[in-house]
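**Q** fold the stuff below for me.
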Amino acid sequence: MEKIAKFWEKKNNVVRCRLCPHNCIIREGKRGLCRVRENRNGKLYTLVYASCSSANVDPIEKKPLFHFYPGSLVYSLSTVGCNLKCLHCQNYSISQALPEEAFLIDIPPDKAVEEALKSSDGIAFTYNEPTIWWEYAYDTSKIAKKHGLYTVFVTNGYINEEPLKEIAPYLDAANVDIKAMDDEFYRKIAKARLQPVLQAAKLYKELGIHLEMTYLIIPTKNDDERQIKKFIEWVLNEFGDEQVVHFTAFYPAYKMMHIPPTSLKTLIKAYEMAKQHGLKYVYLGNVPHGEYENTYCPKCGNLLIERHGFHARIAGIKNGKCSKCGAKLPIII
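**A** Next up, the predicted model:
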């Protein structure tokens, strides 16, 4: 479905998109890097408003969000396109697809909310990058909030300040993917820049949106101890020791089929480094060892949330505090 987009300006018949840090200059009949925003007669259109490639009910832990309504279900929606070009994308079949190539179903905002209310506690914009779906996410989230649903972005963090601030009152949580702490990695692997992502992550937090961050560890690309330490220190300096961090395992995909999967040893090393530096809530993803997915009280060690796969059981939380020692917990129940 097509609709006039937001966040753009024009000079003569040339449009500059202001949605994300690419700030694409788009000539008549052309599209931005995301390939879902097009200049038509000097006006910028989104080509995917309400056009969904997937609609599923997921556990919130799958996003992953571990400190945000654990055990709840979320109606998960995606479209096609992305404002990054990651060579390792797990969802490249939709993120790198053109709207006219994909099988898309129109689910208007009110219909999305209606479906979510039947099965879920919230709505997540996920699988591909929600930023490029801004108009639909904004309209849907406004309606969702009126009906008591929570809203979630699973995002690469490549968004400009104005659109993030505008949607913030209707956005409850986000998992931001920090792909590396190296600008060269971003330029070569994702066709983007690091600094805007770090700035956006801080802005999500400043705007009161529940924030968790994921660092996908890719062998030979972003797995050296220097980068991981730099990430951990940045998290501590900018967000404090209660910031939730997920280190996840890479599996060969898309244009990185030649890269081996991340070893458990590498993941555990990152986990231990983060703990040694003082981060209290660190998790490992895409691994079969549940103890690295459980949540424990950092003060007394009490098991707070037990997880098996994507199933979560609240075990030791009472009135937002540890049931054993009474420590206040940064977990939204």
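**Q** now do the helices in the protein.
**A** Counting by DSSP state H, the segments of the chain that form helices are 92-95, 109-119, 134-146, 161-167, 183-185, 194-206, 225-239, 264-277.
**Q** ok, and what's touching the last one?
**A** Put plainly, it is helix 264-277. Contacting residues not belonging to helix 264-277 are listed as 215, 217, 219, 223, 225, 228-229, 232-233, 236, 245, 247-249, 282, 284, 287, 289, 292 [Cβ atoms under 8 Å, 6 or more residues apart in numbering]. Where you see a C-beta, it was placed from the backbone N, CA and C, and this is true even at glycine.
**Q** one more time with 6 Å, if that's ok
**A** Contact with helix 264-277 is made by 217, 223, 228, 232, 247, 249, 282, 284, as judged by Cβ atoms under 6 Å, 6 or more residues apart in numbering.
**Q** for stretch 68-77, give the mean pLDDT please.
**A** Confidence over stretch 68-77, taken as the mean pLDDT, stands at 98.
**Q** return it as CSV; C-alpha atoms alone will do.
**A** Below are the C-alpha coordinates for stretch 68-77, written out as CSV (Å, rounded to 0.1, in the frame of the first residue of the first chain):
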residue,chain,number,x,y,z
PHE,A,68,10.1,-6.5,29.5
TYR,A,69,6.9,-8.4,30.4
PRO,A,70,8.7,-11.8,30.6
GLY,A,71,6.5,-14.7,29.4
SER,A,72,4.1,-12.5,27.4
LEU,A,73,3.2,-13.0,23.8
VAL,A,74,3.7,-10.3,21.1
TYR,A,75,2.0,-10.0,17.7
SER,A,76,5.0,-9.6,15.4
LEU,A,77,4.8,-7.8,12.0
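**Q** chain center to that stretch, what's the gap?
**A** Stretch 68-77 has its average C-alpha position 14 Å from the chain's average C-alpha position, going by Cα atoms, centre = their mean, to the nearest Å.
**Q** re the thing from before, between the contacts of helix 264-277, which has the most around it?
**A** The residue in the contacts of helix 264-277 with the most neighbours, by other Cβ atoms under 10 Å, is residue 247 (28 neighbours).
**Q** ok, residue 180 - contacts?
**A** In this structure, residue 180 makes contact with residue 222, judged by Cβ under 6 Å, 6+ apart.
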